[in-house]
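Participant: Any chance you can model this:
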Amino acid sequence: GQQLVYSMAGSLWRQEIASHTAWQLTDGDGYDYQPDWSPDGRTILFVRYDGQSMELMLFNLASGQVTPLTTSGAVNTEPKWAPDGHTIAFVSTQGSGHFLLHKASVENGKLVDVATLVPDRVSAVKRYYYSEYDHAINPTWSPDGRRITFVSNREVAHGTGNIVSLDLDHPEEITTIHEEETAWKTTPDISPDGSRMVYSSYLGRNWQQLWLLPAAGGYPIQITYGDYDNTAPKWSPDGQHIAYISNRSGNTSLWILDSYAGKEMPVVATDLHYLKPRKEVVIRTIDATGATVPARVSILDRREKFYAPREAWIHGDDSRYPASQQFETHYFHSTGTAQVSVPEEGYLTVIAQKGPGFKITKRSVDALPDTLTLTLERWDMPPSFGKWWSGDLHVHMNYTGSYRNTPDILREQARAEDVDFIYNLIVNKEQRIPDIDYYTPPKGTRVEKDIMILQGQEYHTSFWGHLGLLNLTEHYLIPDYVGYPYTAVESIFPHNSYVADVVHQQKGLVGYVHPFYDFQLFPRQSETLTNALPIDAALGNVDYYEVVGFAHHKASAAVWYMLLNCGLRIPAGAGTDAMANYASLRGPVGLNRVYVEQNGDFTSDHVI
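Facilitator: Modelled structure (predicted):
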């Protein structure tokens, strides 16, 4: 219990808790995650993502050899050693395409006796957002190796599911331990003595914290507190300490909790020992005048693996183009100068971008310089185009992602993307509203040479259609949604017309956001489409329409043109729906944007 193995920047690392020195264990062609140390301390299970699939791997600590345990081309994830050091539990989509719980034995570097422990089944309960097929995730073993506790949404209408367990002798009998929604971050871990479990939850709060629960069920007790997320807890072998991930500083960090005394200690690695020689390279982004400018930066080696400064927030696109790239695009936002450690062997490709107003710049080098400079040039637009401010009307600063965002960090993200103003649409994620404390009525204050972060709201009723609410001068609308089955807000009232009246009473604006997808309109209209846009448009309740956003552009534009042809002059809006604290997101901020002509002071009143 004196050492940890963890994943950092796509590799596995080993570190003594009392030391600041970390040793790189893997540096393969993929990205390595979710390590689990064997009971005898000789091997480590982990997951490798190769751009096509996620496969289970076995790392031998003595030899450094990595052996593939699966080659199925499926998503194989969350491997956990049983106490016998021979059996493993894991989650896989192999054969079904759904996340199901499996177990197997490891013999001579191979998986044998692979068995699916839960059936591939459809719940009778109707689900909101999620698939009708059940999933089983987050396995953890009992100390005697006879039971597996995990998370299942079997007959659960909303969210991730409940903490349940099964006896390996009777896997068809699933026992519910605890009913609670935790936004995909439960990850329970049974204590070494089997008496209790630690897990992550946001119960009654806006942020994930660590909780203790009797292994057989009971009343949960909170053991960490803070306006940030603590997740992924793991017991030490002696049952006294818990390792976990925290985003209290904004970025992810590794911490140790003494469960007896409550002391929290960061695990910090300042001395990194890489498997291959490294070189520190400074990446500079400048404009045509030579001035340093913030930008979005991607750094790739010959294997198309990504690199970033240690302090950077790494983001990945939510899509990949297999014909042209091994992995989805990764990037970080640079202030204009970034120092990064890269393989000394040579070849590097650096790509810099700064929104649609600048040309994309790309440089590849075979020999690494001390400093690599990329010049970002603006597109040459004729004077007749005028001058414009650009803005993103649909951003979620915090939305259960890995990072802890703030207005200052969001402003830096916008600066790197050349966005002048952002509307942070404060919204619920399940039963919490992470950014509710940031709601402040707009004051129309003039802003000089800076970026406006404005606070709005997304009214989250899927039955009638999601609304963007801008310029709320008096109050935020609670509960932020209706029409959630099996809840106290199951009723579809208040409808969007009522909501629009409330917003207009406080001089706010109402917009329909990410409105339509192609399957809702083409080749024929869905028989169950209940979107209230046509009614609200006719009643004069719609102040803007998100023509460009997280929806099908042709379907959304087709409806907008129909409204225009009816004489309803509804302004076009645009918003990315970027979850700006996600590691993998539709983004970045400003991917979709509107433009406001610079014919007055740069204030929230003028922009509106």
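Participant: domains for this structure, by residue range?
Facilitator: 1-116, 117-232, 276-375, 383-607 (automatic domain parsing).
Participant: any chance of those in CSV, plus mean neighbour count and mean pLDDT?
Facilitator: Yep, even glycine has a C-beta here, placed from its N, CA and C like the rest. Shown next, in CSV, are the domains of the chain (neighbours: other Cβ atoms under 10 Å; pLDDT from 0 to 100):
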stretch, mean neighbour count, mean pLDDT
domain 1-116, 17, 97
domain 117-232, 18, 96
domain 276-375, 17, 96
domain 383-607, 18, 93
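Participant: For residue 255, find the nearest of these.
Facilitator: For residue 255, the closest of the domains of the chain is domain 117-232, at 7.5 Å, according to Cβ to Cβ.
Participant: now do the same end-to-end measure for that closest one.
Facilitator: End-to-end distance for domain 117-232: 23 Å, by Cα to Cα, to the nearest Å.
Participant: got a markdown table for the domains of the chain, with distance to residue 244 too?
Facilitator: Below are these laid out as a markdown table (distance: least, Cβ to Cβ, whole Å):
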| stretch | distance to residue 244 |
| --- | --- |
| domain 1-116 | 11 |
| domain 117-232 | 5 |
| domain 276-375 | 19 |
| domain 383-607 | 13 |
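Participant: Which one, of those, ends up nearest to residue 267?
Facilitator: Comparison of the domains of the chain against residue 267 by Cβ to Cβ identifies domain 1-116 as nearest, at 6.3 Å.
Participant: rewinding a little: kindly state which of the domains of the chain is positioned closest to residue 238.
Facilitator: For these, proximity to residue 238 was assessed by Cβ to Cβ; domain 1-116 is nearest, at 5.2 Å.
Participant: Please compute how far the closest one lies from its chain's middle.
Facilitator: Centroid displacement of domain 1-116 relative to its chain, using Cα atoms, centre = their mean, to the nearest Å, is 22 Å.
Participant: do you know how far residue 147 is from residue 576?
Facilitator: Distance of residue 147 to residue 576, given as Cβ to Cβ, to the nearest Å: 45 Å.
Participant: returning to that earlier point: between the domains of the chain, which gets nearest to residue 252?
Facilitator: domain 383-607 (5.8 Å).
Participant: how long is the closest one from one end to the other?
Facilitator: Its first and final residues considered, domain 383-607 spans 22 Å by Cα to Cα.
Participant: chain center to it: distance?
Facilitator: On Cα atoms, centre = their mean, the centre of domain 383-607 falls 20 Å from the chain's centre.
Participant: cool, and stretch 116-127?
Facilitator: The chain centroid and the centroid of stretch 116-127 are separated by 25 Å, computed with Cα atoms, centre = their mean.
Participant: Same question for stretch 229-240.
Facilitator: On Cα atoms, centre = their mean, the centre of stretch 229-240 falls 22 Å from the chain's centre.
Participant: okay, how far is it across that stretch, tip to tip?
Facilitator: Span of stretch 229-240 from end to end, Cα to Cα: 21 Å.
Participant: What of stretch 410-422?
Facilitator: Stretch 410-422 has its terminal residues 9 Å apart, counting by Cα to Cα.
Participant: try stretch 4-21
Facilitator: By Cα to Cα, one end of stretch 4-21 lies 12 Å from the other end.
Participant: Give me the contacts around it.
Facilitator: With contact meaning Cβ atoms under 8 Å, 6 or more residues apart in numbering, stretch 4-21 is reached by 2-3, 22-27, 30-35, 37, 44, 46, 59, 243, 254, 256, 267-273, 305-308, 310, 314.
Participant: For residue 516, which non-adjacent residue is spatially closest?
Facilitator: Counting by Cβ to Cβ, 6 or more residues apart in numbering, residue 516 lies nearest to residue 555, which is 4.3 Å off, once chain neighbours are set aside.
Participant: Tell me the spacing between that neighbour and residue 531.
Facilitator: The gap separating residue 555 from residue 531 is 11 Å, by Cβ to Cβ.
Participant: Overlap in contacts, the two.
Facilitator: Common neighbours of residue 555 and residue 531 (criterion: Cβ under 8 Å, 6+ apart): 516, 520.
Participant: now the strands for the stretch 101-250 of the chain?
Facilitator: Counting by DSSP state E, counting those that start in this stretch, the stretch 101-250 of the chain has strands at residues 110-116, 136-141, 147-152, 162-167, 170-178, 189-190, 196-201, 209-214, 221-222, 230-235, 241-246.
Participant: Using JSON lines, lay out these together with distance to residue 463.
Facilitator: Shown next, in JSON lines, are the strands of the stretch 101-250 of the chain (distance: least, Cβ to Cβ, whole Å):
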{"stretch": "strand 110-116", "distance to residue 463": "36"}
{"stretch": "strand 136-141", "distance to residue 463": "28"}
{"stretch": "strand 147-152", "distance to residue 463": "27"}
{"stretch": "strand 162-167", "distance to residue 463": "26"}
{"stretch": "strand 170-178", "distance to residue 463": "29"}
{"stretch": "strand 189-190", "distance to residue 463": "38"}
{"stretch": "strand 196-201", "distance to residue 463": "28"}
{"stretch": "strand 209-214", "distance to residue 463": "32"}
{"stretch": "strand 221-222", "distance to residue 463": "34"}
{"stretch": "strand 230-235", "distance to residue 463": "32"}
{"stretch": "strand 241-246", "distance to residue 463": "36"}
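Participant: Thanks a lot, see you next time.
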